[in-house]
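# predicted model, plus sequence, below.
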Amino acid sequence: MSSTFGVSSDEIKKYPWQDVIKTSATKEMFSYHSLLNAALQNCQNGSDLLGLKVYRFIGGLTSWRLSYDDPNDKYLPLFDGAISPTDYQNEDLDVWEQILPEILDAEFKSRVADLLWLYRKKKNPDHARIAVESFLIAASALEDDRLDCKFTDRIKRAVQISALLSKEKDLFKNTVSYVNTLIQKYSQTGQPWVCSDLMNVLLEYGEGDAAKLSVICGDIAVRLQGKSDFNWAQHYWRLQSKWLRLAGDEEASRLGLVNEGEAIVLEADAATKRKIPSFAAAKGILARGIEALRCVQGDKNRIEELRQLHAEYAKKSLHEMGTIQIPIPDCSQVVQTAIKAVAGKSLQQGMLSLANFPPTNTKLLRQNLTQGNHPEFLLFGAAYCNEEGKTVGSTEGVSPTVAEIEEAHVRAKMFLMARTQWDFAAQTAILPALAKMNSEHNVELRDFAFILLHNPFVAPGREDILARGLLAGFRGDWLTVAHLIPPQLEHMLRFILAQQGKLTSSLDSDGIEKEYNLGRILCETPDLIATIEASLGEDLVFDLRGILIEKPGANLRNRMAHGLMSSATFYDTTVVYLWWLVLKLCSLPIFSYLEQQKAAKNPTPKS
């Protein structure tokens, strides 16, 4: 079978389909489709089976999506099961070839001629010429810079087809000349997308007067900047750069990209002068401008000047950050439970009870994030700022409907959510328990010997430092905690790994050994991560990683080490939670011993 539709040209001539599309106010295929579909429905209601076949044959061409940038499929059906170009088989194409000379509408004629040009095994140049001429006439009928790219799409396809007939032919030259004429027409008053579309058509084939067109791009860019249309201004500076590169002037091309970077800077400045100024927005925009200038080797002094401006925007942006108030349920029961866990016990028992509080439940946290009632939390990217308003990290938004959400993104959001849990645990459990223990005991340095001496997690010679850090927590000296604990934690992790035969340093070509940092241990080396998690548990490792080195988390280790924390931030609840993590970590061997003793007293009965 070489026909899908089973109609002849004579049968088609019996129906006034050309009169039907003539009534369309817009000379465009989708508009024709609705009219032809209505005619098909009339035939169906009147039981006109031949009419059904005819209008199905005719209307099939009118519902395709344009895909002119695709090297293979220029037309695609709107949905699976709809009529596609490949449904028109040899006999069907014969029918279209017979009808082609009689088609009056340029839009419809261009589609038929293009179908024949694309799908006839033996190419007929006449079909290409008819398609090009019809596309240009159709584009002229659709020409309106207030609408979308309907008319420029037709011009693009005309250039594509004419180029295939060889650039030396008059058809291609005339088509390119027509494009140049339109660029001149719309360069002064038209919407910015028109000249952009047309110039990109010429650039694809390396055609056009590059020198003149680069000047036009610069003029349009300056005019758009004056109208605060910065996105399009940046686009035209990029176009200017492309034209100048085509002309062989690489330095001028680079300067075009410098101008693009400066247009981004102007956009940032405009953000500070809005009716409601936004220095946070200006900071983000300016960062793009600085990067754009760096990429094209912009003036170093100018880049440094903009870096200073970026820092100024960052500080001002802090005043724009509001507080979101979230109602919290009554936590008195949680507080009382924490106090009860340590009340009336010896100091040693109280410390172990406090250390036995649970860490973050990462499995539940992940479940709440990926399967909870608020998947919109994943949709949006986030920027993480330090106390000076500087952006220290960011994550992109990801659609929660995708089959596999990027792990790095989910992990970052988990650390962000965990910050709330750390704060909650510190305020409702750790601090109340500490207050109760302090009211019942006078804690001294020697009181920590029972959990630090001969501890397989603590290297000999480190006990006194850790004891001072733990004592500082009991005395509310969180500044001391933040300075003593992170480096000792780093050493503890290396010590645990070394105990299990793992290398914790690198060896370079000069024979110099460099100790692995926390990032290498907790984030970058799968073998070390697996070993640490096996020793401490996934939840505890998650908390250590989030508190110490993750930018969406607390990043305490890096912030403290590089002098990025003010006095007040040392008394943040994340420091309290870090202190508790060390207490728990040092207590794990005791918990393990107690479990073994319990198992020995109550052996599992044999089956």
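Looks like it arrived, so ask away.
# list the helices and strands the longest helix seen in the chain packs on?
Ranked by residue count, the top helix of the chain under DSSP state H comes out as helix 573-601. If contacts are counted by 3 or more Cβ pairs under 8 Å, 6 or more residues apart in numbering; DSSP states H and E, helix 573-601 sits against helix 347-355, helix 407-425, helix 449-452, helix 463-474, helix 478-499, helix 538-548, helix 556-561. Backbone N, C-alpha and C define where each C-beta goes, glycine included.
# out of those helices, which is closest to Ser140?
Ser140 lies closest to helix 407-425 among the helices and strands packed on helix 573-601, at 48.1 Å (Cβ to Cβ).
# so where is the stretch 501-607 of the chain shaky, pLDDT-wise?
Applying pLDDT under 70 to the stretch 501-607 of the chain picks out residues 603-607.
# looking at this structure, which helix or strand is least sure?
Lowest mean confidence among the helices and strands of the chain (mean pLDDT, DSSP states H and E): helix 376-379, at a mean of 49.
# separation between Lys14 and Lys53?
Look at Lys14 and Lys53: by Cβ to Cβ, to the nearest Å, they are 11 Å apart.
# between those two, who's got more neighbours?
Counted by other Cβ atoms under 10 Å, Lys14 and Lys53 do not tie: Lys53 has more neighbours, with 17 against 11.
# correct me if wrong, but the more buried one is in a helix.
Yes: in this structure, Lys53 lies within a helix as judged by DSSP: H, G, I helix; E, B strand; the rest coil.
# nearest residue to it in space, ignoring adjacent ones along the chain?
Val7 (5.0 Å; Cβ to Cβ, 6 or more residues apart in numbering).
# what's near enough to touch that neighbour?
Going by Cβ atoms under 8 Å, 6 or more residues apart in numbering, Val7 touches Leu50, Lys53, Val54, Phe57, Val95.
# what's it sitting at in phi/psi?
phi -130, psi 150 (degrees, to the nearest 10).
# distance of the residue nearest to Val296 when sequence neighbours are not counted relative to Lys340?
Counting by Cβ to Cβ, 6+ apart, the nearest residue to Val296 once its immediate chain neighbours are dropped is Leu257, at 4.3 Å. Distance, Leu257 to Lys340, using Cβ to Cβ: 67 Å.
# who has more neighbours, the two?
Between Leu257 and Lys340, Leu257 has the larger neighbour count (other Cβ under 10 Å), namely 23 against 12.
# can you confirm that one is in a helix?
Yes: checked against three-state DSSP, Leu257 lies within a helix.
# domains in this protein, as residue ranges please.
Split into domains by automatic domain parsing, the chain comes to 217-320, 332-601.
# assign a three-state SS to the nearest residue to Gly537 once chain neighbours are set aside, would you?
Computed as Cβ to Cβ, 6+ apart, the closest residue to Gly537 that is not its neighbour in sequence is Pro359, at 7.6 Å. At Pro359, secondary structure determined by three-state DSSP is coil.
# how many neighbours does Pro359 have?
By other Cβ under 10 Å, the residues close to Pro359 number 22.
# so for the longest helix of the chain, what gets flagged as buried?
Under the neighbour-count criterion of 16 or more other Cβ atoms under 10 Å, helix 573-601 has 573-588, 590 buried.
# that helix to helix 407-425, inter-axis angle?
90 degrees (axes from the mean of the first three to the mean of the last three Cα atoms, to 10 degrees).
# helix 347-355 and helix 573-601, what's the angle between them?
Using the same axes, to 10 degrees: helix 573-601 against helix 347-355 is 110 degrees.
# report the inter-axis angle for helix 573-601 versus helix 538-548.
Angle, helix 573-601 to helix 538-548, by the same axes, to 10 degrees: 160 degrees.
# can I get the domains of the chain in a markdown table including distance to Ile183?
Below are the domains of the chain laid out as a markdown table (distance: least, Cβ to Cβ, whole Å):
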| stretch | distance to Ile183 |
| --- | --- |
| domain 217-320 | 10 |
| domain 332-601 | 37 |
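# which of those domains has the lowest mean pLDDT?
Of all these, the minimum mean pLDDT falls on domain 332-601 (a mean of 84).
# got the end-to-end distance for it?
37 Å (Cα to Cα, to the nearest Å).
# tell me the gap between that domain and the middle of its chain.
In terms of Cα atoms, centre = their mean, to the nearest Å, the centre of domain 332-601 is found 29 Å from the chain centre.
# and what of stretch 224-238?
On Cα atoms, centre = their mean, the centre of stretch 224-238 falls 24 Å from that of its chain.
# before we move on, what about stretch 595-603?
Distance of stretch 595-603 from the chain centroid (Cα atoms, centre = their mean) equals 52 Å.
# which residues touch Val582?
Val582 neighbours (Cβ under 8 Å, 6+ apart): Leu466, Gly469, Leu470, Ile485, Gln488, Leu489.
# any idea which of these has the most stuff around it?
Ile485 (29 neighbours).
# next, the buried residues of stretch 435-449.
Neighbour counts over stretch 435-449 (16+ other Cβ under 10 Å) mark Lys436, Met437, His441, Val443, Asp447, Phe448 as buried.
# what do you get for stretch 542-561?
Residues of stretch 542-561 classed as buried by neighbour count (16+ other Cβ under 10 Å): 542-560.
# does Leu581 touch Ile547 like I think?
Yes: Leu581 is within contact range of Ile547, at 6.6 Å (criterion: Cβ atoms under 8 Å).
# host element of Glu37?
Quick fix: residue 37 reads Asn, not Glu. Element membership of Asn37, judged by DSSP states H and E, is helix 29-45.
# show me where pLDDT drops low in the stretch 51-200 of the chain?
In the stretch 51-200 of the chain, residues with pLDDT under 70: 145-149, 166-168.
# mind listing the strands for it?
In the stretch 51-200 of the chain, the strands defined using DSSP state E, counting those that start in this stretch lie at 65-66, 75-76.
# most packed of those?
Among the strands of the stretch 51-200 of the chain, strand 75-76 has the highest mean neighbour count (mean count of other Cβ atoms under 10 Å), at a mean of 18.
# got a list of contacts for it?
Under the contact criterion Cβ under 8 Å, 6+ apart, strand 75-76 has outside partners Trp64, Arg65, Leu66, Ser67, Ser84, Pro85, Asp114, Leu115.
# distance of the second one from Pro71?
To tie it back to what came earlier, the one meant is Arg65. 16 Å.
# thinking again about what came up before, rebuild the strands of the stretch 51-200 of the chain as JSON lines, extending it with distance to Tyr119.
Shown next, in JSON lines, are these (distance: least, Cβ to Cβ, whole Å):
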{"stretch": "strand 65-66", "distance to Tyr119": "16"}
{"stretch": "strand 75-76", "distance to Tyr119": "10"}
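# SS state for Ile276?
Of the three states, Ile276 takes coil according to three-state DSSP.
# can you give me the neighbour number for Ser84?
Residues lying near Ser84 (other Cβ under 10 Å) number 16.
# ok, and the closest non-adjacent residue to it?
Computed as Cβ to Cβ, 6+ apart, the closest residue to Ser84 that is not its neighbour in sequence is Pro77, at 4.4 Å.
# ok, back up a step: and the contacts of Val582, which is closest to Ser177?
Once Cβ to Cβ is applied, the member of the contacts of Val582 that ends up nearest Ser177 is Leu489, at 72.7 Å.
# my guess is that closest one meets Ile547, correct?
No: assessed by Cβ under 8 Å, Leu489 is found out of contact with Ile547, at 9.3 Å.
# now do the shared contacts for these two.
Common neighbours of Leu489 and Ile547 (criterion: Cβ under 8 Å, 6+ apart): Leu581.
# what's the angle from the helix or strand hosting Ile529 to helix 573-601?
Applying DSSP H and E as the criterion places Ile529 in helix 526-536. Angle, helix 526-536 to helix 573-601, by the same axes, to 10 degrees: 70 degrees.
# now the angle from helix 526-536 to helix 478-499?
Note on geometry: by the same axes, to 10 degrees, helix 526-536 and helix 478-499 are set 110 degrees apart in direction.
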